[in-house]
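Student: sharing a sequence plus its predicted fold:
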Amino acid sequence: MSEEHYYLELCENPVQFENASSVNNVFFDEANKQVFAVRSGGATGVVVKGPEDKSSVAFRMDDKGEVKCIKFSIGNKILAVQRTPKSVDFINFIPDYPHLEFSQECKMKNASILGFCWTNWNEIVFITDQGIEFYQVLPDKRSLKLLKSQSINVNWYMYCPETAVILLSTTFQGNVLQPFAFKSGTMSKMSKFEIELPVVPKPAKLNLSERDIAVANIYGQLYVMYLKHHSRTTDSPCAEVVLYQLPREGSVKKTNVLKLNTTGKFALNVVDNLVVVHHQSTQTSIIFDIKLREPDCALNVHQPVLPPRSIHPYRIPLTGPSAVPSQPPVPCELYSSSWSVFQPDIIISASEGYQWYLQVKLPPTVNLLQDKGKLIDFLLRRRDCKMVILSVCSQMLNGEDKGSLTVVATVFDKLNQVFKEYLEAEQTYTVAMESGPSRGSTARERPVRTQAVIDQSDMYTHVLSSFTEKKDISHKFIIAVLMEYIRSLNQVQITVQHYLYELVIKTLVHHSLFYMLHQFLQYHVLSDSKPLACLLLSLEGTYPAAHQLSLDMLKRLSTANDEIVEVLLSKQQVLGALRFIRSVGGNDNISARKFLDAALQTADQMLFYTIFRFFEQRNLRLRGSPCFNLGEHCEEHVVYFKQVFGEQALMKQATV
Amino acid sequence: MISPRMTLRMQEKQYTSSLLIFFIYNPSFGPQESEVENKIRNVGLCEAIVQFTRTFCQTKPAKSLHTQKNRQFFFEQEDSFWIVMVVRNPMGEEPNKDGKPQEEEGILVVLILCYSLFFLAMEAGLLQYLQTLHLQSRDLLDVFGGIALFPLDKKSYLKIQSFVNRVEESLSLIKCTAFLYNDQLIWSGLEQDNMRILYKYLTTSLFPRHSEPELAGRDSALRPEVARNLLHYGRFLTGPANLKDPEAKFRFPRIFVNTEDSYEELHLIVYKAMSAAVCFMISASVELTREFCEQLVGLVGPQLTLLVSDICEQYNVNRRISGLDKEPQFKFIYFNHMNLAEKSTIHMRKTPSVFLTSVHPDLMKILGDINCDFARVITLNYNPIRVITLNYNPIRVITLNYNPIRVITLNYNPIRVSSLNYNPIRVSSLNYNPIRVSSLNYNPIRVSSLNYNPIRVSSLRPSFDSSL
């Protein structure tokens, strides 16, 4: 299988830990993403490995019985260890604080602790079979303070650290879920909801397993994902994932259904806002994008974006004393039954001592998703999409896989829509900042420029400039593509950059399509600019009308008066230049010498006379004398004038 | 009025230097009974005149021959290709010793156009064009032979570009495309010279013949067609009238366009949806089939219908914003040599062949004369800007001739036009000597007091700006 085959992979640098064994217990904390390897109840050492080296710790603690659960508070400040069903023990890890353990029993009588979650550096929630208890830990006093508690029957619980939401399974069947949200000392009850079970068992018994539920943040929204297995009594023969959206306020909604099209054992991950479903028996995974709407499906029912593929084969590099450099790495068993999957993107193999992050590889998706519009929609929502999108653009313009103009237009429109949205957000932000923070009720955040924002310079550098130089592509197609891009930018009111016009003009000129260029200019498709006017001026040799087009453009710009005068003078249109500069009111500041020189060059004596007289009149008006100043360097012109027209033709000093 | 009762065409298949005479003359010239004999006699006469005058000047033989009754024009478009036109002098017109050069120029332009049209559209073009030719109503716009451009905003223009490109891509047989709206050009894939002729053919011959349904029932009353389940208003102006007719013939007129060094024969498909007409040109070597036409209709019909309603909406918005739906303040004729763009606020509404002008015909004639003077002095190339002001109360005619743009502005009061007498020599002499001009109270530097400067002319360009 080629590299292009796999679109999922395990990260290159997994977190390594000592594999689980009879003397070594392994725990994973989803909040801090730390793996705890506890040897002999901690007496021979606890090794904590986190995603970064600084969150890795090793220490010893007394063996006071089997460890059931072990977690650091946020920032590794306090360690909590559960050894009995009734209490949790705490150890300070804050420097200068007493290192002695202290313990807290759950308040409710006869309750047994199912587990605990840190919601802050010093706030912890105990989940018991009879409810939840929210404590603040006071490390200096080595005691806990109960902040709030809630009595409720609990079958099992689930914690989403990103949003600090705890989900409790209640009722006999376990299918009524009650979420609680925690935020700096407060606990709030969110609206509870019921998961629709495929079959209602009789008599009622616990029927919803925590294995079939996952909580994840997708596109900034909290979702509960329910893996609904195939049931013989319902119509659907295949398993599906049902998504329930949990808003901060208001009721929970069933929003999406992901069709798995098969049955068996599944595991869920969320990577880059994609729901990844692993299927153990076929050793493949599929991905879903809940924002990608299926045109031929009922609303919010999704099919996999891509065909099922295995995770990219992974080889374990041999390390340690037994490793021989020449020995090839050992292939790792994927989809192993010893794998544990955690949200959002964590896969742990306890037996081998590895913790990976699951990653989506975008380049292979390009060839797996034929519909370019859908592909771009998909890519635009991914994190590291820029280069992949640009390569899609290049690919659709070049070679055998060339797309039609309609496809090209669709892709450009999608990219520019995202670009436009970013520009608008940026502008709104700037305006809000300028009007002062007092006006806006909420402090705005500067919009983040994601990789999906592909601007004109990206397009130019990575796609268009090389595309226009391709010899094997017809110029007709090149021009059509460039115009399509310009059209798309115009459609969303983005100002087109000059270098894009230059590409169009270069291509047109190269193929002598001057009439086409002329038509584009007439309709202002190529917007006016000084560089464009200069470019046109340089084309005069091959296309005479370009001269006039250029002058017109300079005039419309209204900031290029000097250039217009220069152009007219270079064409020996001395009177024209003079008229023009008069019309814009600049005739008192122009250099007399420049105009007289130009008039001299025409070898037209009458013209020289007229120009000379004009400046004499100007001198008279400005200085009360028709004579030229020394600084104007017009001596030779005065001499010439006298030669041709005679001394008496000079304007007389006005006599008072 | 002439009617082309007799046309004679002798040509060999190759376009080599073999003799080809294209001859048109007035039927009143010869008795009907001996038509053929007369034709030969006339051809012989013209040849003789041309050959005879060649002895005086090898390179420039006679262009016209004036007799008491009529005038004959000879025009050699290409080597050994002659067009001859005989025009009877109008009744009651005094014989003019000067030979009225300006009128000559006008008729020669018509002659050249005839030839071009002949070449462009062998089958249908010429005869129909001649039938619509009215020499007396011929005016400046005929002489300019320009192209009216449709004012359109950038966004809509780019949509049309995109439409044309996509159609050409999907139907790769199409060699090039031209897009017109309200009989005005928006996009031409043909080179300018070819487009000029095609435009003439379309606006003076093809469109008028098909204007009846629109005039009779307006756009909305046209029965929509259905293609790919989408309603549309498209129909062929050339080729089959009804695709569903099993007997329909898929023959389109053929046109010749000149490319760099040769002529190319193309099928001309003109497809219209409401006010938009699209010309698709396809190499004549390809046989066009029903399948192709159906494919074209399926692709173009619905898209074009959508596009047109878009353009129409945008156009009306722009007109309202810029107040163009009001009566124009200045009357002007604009013509730009560079892009052949023309615009006139004098010519009101084109009927199939005649312009209705809002000014007196005599004034139009004077304008023609002025223009003719320009055409001649232009070679002197002293100063590209010429402004002529005729300040005969109550008419003020300002003509600006800024090579290559000509704008003629009229500030005009319709009373007592006939008293106007324009002396071409005096006016044109104004232009040559700056010193004499100032003695006439005309200082070249003070031209700007006429509110004119060379660049302002281009900002006048009405046909390009969506704002106008």
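Tutor: In hand now; what should we look at?

Student: which parts of stretch A:147-155 are buried?
Tutor: Buried residues in stretch A:147-155, counted by 16 or more other CB atoms under 10 Å in any protein chain shown: A:L147, A:S149, A:I152, A:V154, A:N155. Backbone N, C-alpha and C define where each C-beta goes, glycine included.

Student: select the longest helix from chain A.
Tutor: helix A:405-434 (DSSP state H).

Student: ok, and does that one reach over to chain B?
Tutor: Yes - residues of helix A:405-434 contacting chain B under CB under 8 Å from any CB of the partner chain: A:L405, A:T406, A:A409.

Student: how about A:S209, what does it touch?
Tutor: By CB atoms under 8 Å, 6 or more residues apart in numbering or on different chains, the contact list for A:S209 reads A:G174.

Student: one step back: name the nearest of the residues of helix A:405-434 next to chain B relative to A:S281.
Tutor: Nearest to A:S281 among those: A:T406, at 41.6 Å, using CB to CB.

Student: returning to what we had before: can you lay out the residues of helix A:405-434 next to chain B as JSON lines showing pLDDT, neighbour count and distance to B:V257?
Tutor: What follows is the residues of helix A:405-434 next to chain B, written out as JSON lines (pLDDT from 0 to 100; neighbours: other CB atoms under 10 Å in any protein chain shown; distance: CB to CB, whole Å):
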{"residue": "A:L405", "pLDDT": "88", "neighbour count": "19", "distance to B:V257": "25"}
{"residue": "A:T406", "pLDDT": "89", "neighbour count": "16", "distance to B:V257": "29"}
{"residue": "A:A409", "pLDDT": "91", "neighbour count": "22", "distance to B:V257": "29"}
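
Student: give me the domain ranges for chain A.
Tutor: Per the record, chain A has its domains at A:158-199+A:208-310, A:572-655, by the TED database.

Student: mean pLDDT for those domains: which is lowest?
Tutor: Least confident of the domains of chain A, judged by mean pLDDT, is domain A:572-655 with a mean of 81.

Student: what is the neighbour count of B:E294?
Tutor: When neighbours are counted by other CB atoms under 10 Å in any protein chain shown, B:E294 registers 13.

Student: who's in contact with it?
Tutor: Taking CB under 8 Å, 6+ apart as the definition, contacts of B:E294 comprise B:L243.

Student: what helix or strand does the residue nearest to A:E352 when sequence neighbours are not counted sit in?
Tutor: In space, and not counting its chain neighbours, A:E352 is closest to A:N19: 5.8 Å by CB to CB, 6 or more residues apart in numbering or on different chains. Assigned by DSSP states H and E, A:N19 belongs to no helix or strand.

Student: quick one: the helices in the stretch 151-300 of chain B?
Tutor: Counting by DSSP state H, counting those that start in this stretch, the segments of the stretch 151-300 of chain B that form helices are B:154-170, B:192-201, B:207-209, B:212-221, B:290-322.

Student: up against chain A, what does the stretch 1-150 of chain B have?
Tutor: Counting by CB under 8 Å from any CB, the stretch 1-150 of chain B comes close to chain A at B:L149.

Student: domain parsing for chain B?
Tutor: B:18-92+B:103-137, B:147-209+B:232-344, B:380-461.

Student: worst average pLDDT in these?
Tutor: domain B:380-461 (a mean of 35).

Student: from A:I218, how far out is the residue nearest to A:V224 when sequence neighbours are not counted?
Tutor: Computed as CB to CB, 6+ apart, the closest residue to A:V224 that is not its neighbour in sequence is A:Y244, at 4.5 Å. According to CB to CB, to the nearest Å, A:Y244 stands 12 Å off from A:I218.

Student: about what we covered before: can I get the domains of chain A in JSON lines with distance to A:L390?
Tutor: JSON lines is the format used below for these (distance: least, CB to CB, whole Å):
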{"stretch": "domain A:158-199+A:208-310", "distance to A:L390": "18"}
{"stretch": "domain A:572-655", "distance to A:L390": "45"}
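
Student: out of those domains, flag the one nearest A:A533.
Tutor: Closest of the domains of chain A to A:A533 is domain A:572-655, at 14.9 Å (criterion: CB to CB).

Student: near chain B at all, the closest one?
Tutor: Yes - on the criterion CB under 8 Å from any CB, domain A:572-655 is in touch with chain B at A:573, A:575-576, A:578-580, A:582-583, A:604, A:606-607, A:609-610, A:614.

Student: distance from that domain to the middle of the chain?
Tutor: Domain A:572-655 sits 64 Å away from the centroid of its parent chain (CA atoms, centre = their mean, to the nearest Å).

Student: how many residues are close by A:Q245?
Tutor: Other residues close to A:Q245 by other CB under 10 Å number 17.

Student: work out for me the element A:Y226 sits within.
Tutor: Using DSSP H and E, A:Y226 sits in strand A:221-228.

Student: so what strands line up beside that strand?
Tutor: Partners of strand A:221-228 in the sheet, by DSSP bridges, are strand A:213-218 (antiparallel), strand A:240-246 (antiparallel).

Student: so which of those strands comes closest to A:L539?
Tutor: For A:L539, the closest of the strands paired with strand A:221-228 is strand A:213-218, at 54.5 Å, according to CB to CB.

Student: how far is the closest one from where the chain is centred?
Tutor: Centroid separation for strand A:213-218 versus its chain: 21 Å, with CA atoms, centre = their mean.

Student: run through who's touching it.
Tutor: Outside of strand A:213-218, the residues within contact range by CB under 8 Å, 6+ apart are A:158-160, A:162-163, A:165, A:167, A:169, A:177, A:195, A:222-227, A:243, A:268, A:270, A:273, A:275, A:290, A:343-344.

Student: one step back: list the helices and strands the longest helix of chain A packs on?
Tutor: Helices and strands touching helix A:405-434, by 3 or more CB pairs under 8 Å, 6 or more residues apart in numbering or on different chains; DSSP states H and E, are helix A:372-380, helix A:386-397, helix A:475-491, helix B:154-170.

Student: can you give me the distance of A:T602 to A:G541?
Tutor: Counting by CB to CB - A:T602 and A:G541 are separated by 21 Å.

Student: now do A:P363
Tutor: Distance from A:P363 to A:G541, by CB to CB: 47 Å.

Student: between the two, who's got more neighbours?
Tutor: When neighbours are counted by other CB under 10 Å, A:P363 and A:G541 differ, and A:P363 comes out ahead with 13 against 9.

Student: A:S340 contacts A:Y354, doesn't it?
Tutor: No - using CB atoms under 8 Å, A:S340 makes no contact with A:Y354, being 11.1 Å away.

Student: common neighbours of those two, please.
Tutor: Joint contacts of A:S340 and A:Y354 (CB under 8 Å, 6+ apart) are A:I348.

Student: more neighbours: which of those two?
Tutor: Taking other CB under 10 Å, A:S340 and A:Y354 do not tie; A:Y354 has more neighbours (20 against 13).

Student: with adjacent residues omitted, what lies nearest to the more buried one?
Tutor: With CB to CB, 6+ apart as the criterion, A:Y354 has its nearest non-adjacent residue at 4.5 Å, and that residue is A:P14.

Student: residue contacts, the one you found?
Tutor: A:Y354, A:Q355, A:W356.

Student: any idea how far the second one is from A:D377?
Tutor: I take that to be A:Q355. Applying CB to CB, the value for A:Q355 to A:D377 is 33 Å.

Student: between the two, point out the one with more neighbours.
Tutor: For A:Q355 versus A:D377, the count of surrounding residues by other CB under 10 Å is larger for A:Q355: 25 against 19.

Student: count of residues packed around the residue in the stretch 301-450 of chain B positioned nearest to chain A?
Tutor: In the stretch 301-450 of chain B, the residue found nearest to chain A is B:M338; the distance is 4.0 Å by CB to the nearest CB. Counted by other CB under 10 Å, the residues lying close to B:M338 total 19.
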